[in-house]
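**Q** could you look at this predicted model? Sequence included:
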Amino acid sequence: MTLNRIRQWYEHWDGQVYVAFSGGKDSLVLLHLVRSIYPDAIGVFCNTGLEYPEILEFVRTIPNIAWLKPAMPFKEVLEKYGFPVVSKRTAQMIHELQTTKSEGLRTLRLTGLHPRSGKTHPAGKVPAKWMFLKDAPFPISASCCDVMKKRPSKKFEKESGLRVMTGRMCDDSFQRQQAWAQQGCNAFEASRPHAEPLSFWLETDIWDYIRSEKLLYSKIYDMGYDRTGCMFCMFGCHMEKGLNRFQRMKKSHPKHHAACRKMGIETACNFIGVPFE
């Protein structure tokens, strides 16, 4: 099923496609599948400066990978936009509460009451559990991913004319399940056309494929990490069992842990109740 979706995407765009390669296990499987049909397919890696050293080391071993870089360093993103805490959805709503001049939007985020319809929309209200974040002594935002990853990728697509394939899966979040239900694996008509041929896979499927094909992968997964996104990202860290990513980082990457503290991430973690040490 995934190979069929890859072929459909490739043929629809006359081969003008690329694979978004993060160096993680999901995009590794996608790249392997794509190149099993189209060996010359290009992969694109966005080096945000926030990747684990082990990821950078692994990406350098993969041929035909283009490297991108964001225009703004992470420290400036935090200062200009805010800290990524809890989740993208919650962070965005808190950001709106912290910055909006619209009383209607403020009312919606505080109470769920839509200013025009007069109806209550529970999904429009900041969850009660996180309402205290509106008074945080630091800015909060979901803009980091857009600035650090999406903007460089969109610039690359505009300059190259290539269309993206990503390794995102519905299993990752409810929002992705909703998007997949609306658009399917190949979103030809989206404002930014994109393919997600692994949408219906589970994490166990990914590891089964890696083992069955004997694929080499980043050693970061053998160091106790089950996610390989930006090291300093705080999204979801409040749900981690046992040692969270920052506590584990102190042991495995002490210099990066110290850099987190300098950027104010320790303060943000403490405020949301996530242990940093």
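**A** Yep, that arrived. Numbers count the residues shown, from 1 in each chain.
**Q** any chance you could map the strands in the stretch 1-150 of the chain?
**A** Per DSSP state E, counting those that start in this stretch, the stretch 1-150 of the chain carries strands over the ranges 17-20, 42-46, 65-68, 85-86.
**Q** just the stretch 151-277 of the chain next, same as before
**A** For the stretch 151-277 of the chain, strands defined by DSSP E, counting those that start in this stretch occupy the ranges 163-165, 186-187, 194-195, 234-235.
**Q** most tightly packed of those?
**A** Of all the strands of the stretch 151-277 of the chain, strand 194-195 carries the top mean neighbour count, a mean of 24, counting by mean count of other CB atoms under 10 Å. Where you see a C-beta, it was placed from the backbone N, CA and C, and this is true even at glycine.
**Q** show residues contacting the lowest-mean-pLDDT helix or strand in the chain.
**A** Sorting the helices and strands of the chain by mean pLDDT, DSSP states H and E puts helix 174-183 at the bottom, at a mean of 71. Applying CB atoms under 8 Å, 6 or more residues apart in numbering, the external contacts of helix 174-183 come out as Lys88, Arg89, Arg168, Met169, Cys170, Ala190, Glu196, Ser199, Phe200.
**Q** for Glu11, see how far away the last one is.
**A** The reference is to Phe200. 21 Å (CB to CB, to the nearest Å).
**Q** tell me which of the two has more neighbours.
**A** Counted by other CB atoms under 10 Å, Phe200 and Glu11 do not tie: Phe200 has more neighbours, with 15 against 10.
**Q** quick one, phi psi at the more buried one?
**A** The phi and psi values for Phe200, taken as degrees, to the nearest 10, are phi -90, psi 10.
**Q** extract the residue ranges of the stretch 51-200 of the chain that are flagged as low pLDDT.
**A** Within the stretch 51-200 of the chain, the stretches with pLDDT under 70 are 172-176.
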